[in-house]
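Chemist: got a sequence here, can you build the structure:
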Amino acid sequence: MNTTHSSLKVRYITRVGILSALAFAFMILEFPIIFFFPEYLKIDFSDAIAIIGGIALGPMAAVFIELIKNLLNLILHSTTGGVGELANFLVGVGLVLPIAMIYRKISNNQGLILGMIVGTITMVIVASLANLFVLLPLWGIPSAERFNMVVSLLVPFNIIKAILVSIFSFIGIKATKGLMKYIKLPKIS
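Modeler: Below is the predicted model of the structure:
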């Protein structure tokens, strides 16, 4: 069967759209880590869907899934005026992009785990810098409080979030191994 380039584009866009909608649904199912962090810091597993999309369709699919789910959340569900969605997008891309890029080069469990470790580190760095210089100023947090808030609150939260999302993603990838062949697209020769 000869697959044309345009039909592959349509299939790619369709799969990214479906995974984005699924990620948005997971994003709505957020929950706080009770007793450890303030209630406004919540975890959801929407990034796991972006990781699966990145593994199956490539790194840019992971970025598109992150973007679309956050745009959907901004339009349909936001309570943050876009600041929360910007934060979720930046931090999510910091996690999912390294995983998809490393897995593209090392397509086995070791590559996936290495990607998750690098993604966790990248996510914490991106989250810290974004919060110090963009996000916390948008929330009106005084500069004297920002560094302490990032170090004592946001770094531990993002480490825990990245680990939980990575574990959920790893289990999800293993559980959907049979479905992955239907998500992936054939290479264009």
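
Chemist: where are the low-confidence patches of this structure?
Modeler: 1-3, 181-182, 185-189 (pLDDT under 70).

Chemist: how about a cut-off of 50?
Modeler: Counting by pLDDT under 50, the ranges of the chain that qualify are 1, 188-189.

Chemist: skip the chain neighbours and tell me the closest residue to Leu154.
Modeler: Asn131 (5.5 Å; C-beta to C-beta, 6 or more residues apart in numbering). (C-beta placed from N, C-alpha, C; glycine too.)

Chemist: show me the contacts for the one you found.
Modeler: 87, 146, 149-150, 154 (C-beta atoms under 8 Å, 6 or more residues apart in numbering).

Chemist: can I get those in TSV including neighbour count, secondary structure and distance to Tyr12?
Modeler: Converted to TSV, those look like this (neighbours: other C-beta atoms under 10 Å; DSSP: H, G, I helix; E, B strand; the rest coil; distance: C-beta to C-beta, whole Å):
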residue	neighbour count	secondary structure	distance to Tyr12
Ala87	21	helix	27
Arg146	18	helix	40
Met149	16	helix	40
Val150	21	helix	37
Leu154	23	helix	34
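
Chemist: am I right that the residue nearest to Leu154 is in a strand?
Modeler: No: judged by DSSP: H, G, I helix; E, B strand; the rest coil, Asn131 forms no part of a strand; its state is helix.

Chemist: ok, it to Pro137 distance?
Modeler: 9 Å (C-beta to C-beta, to the nearest Å).

Chemist: shared neighbours, these two?
Modeler: Common neighbours of Asn131 and Pro137 (C-beta under 8 Å, 6+ apart) are Arg146.

Chemist: which strands and helices sit next to the helix or strand where Pro137 lies?
Modeler: Per DSSP states H and E, Pro137 falls inside helix 136-138. Contacts defined by 3 or more C-beta pairs under 8 Å, 6 or more residues apart in numbering; DSSP states H and E place helix 136-138 against helix 143-149.

Chemist: give me the distance from the helix it packs on to the chain's centre.
Modeler: Helix 143-149 sits 26 Å away from the centroid of its parent chain (C-alpha atoms, centre = their mean, to the nearest Å).

Chemist: swap in stretch 175-184?
Modeler: That offset, for stretch 175-184, works out to 19 Å (C-alpha atoms, centre = their mean).

Chemist: same question, stretch 129-141
Modeler: 20 Å.

Chemist: again, but for stretch 136-148
Modeler: Distance of stretch 136-148 from the chain centroid (C-alpha atoms, centre = their mean) equals 24 Å.

Chemist: what residues sit buried inside the helix or strand containing Ile75?
Modeler: Taking DSSP H and E as the criterion, Ile75 maps to helix 59-76. Neighbour-count burial for helix 59-76, with 16 or more other C-beta atoms under 10 Å as criterion, is recorded at 59, 61-70, 72-74.

Chemist: which other helices and strands contact that helix?
Modeler: helix 5-28, helix 46-57, helix 83-105.
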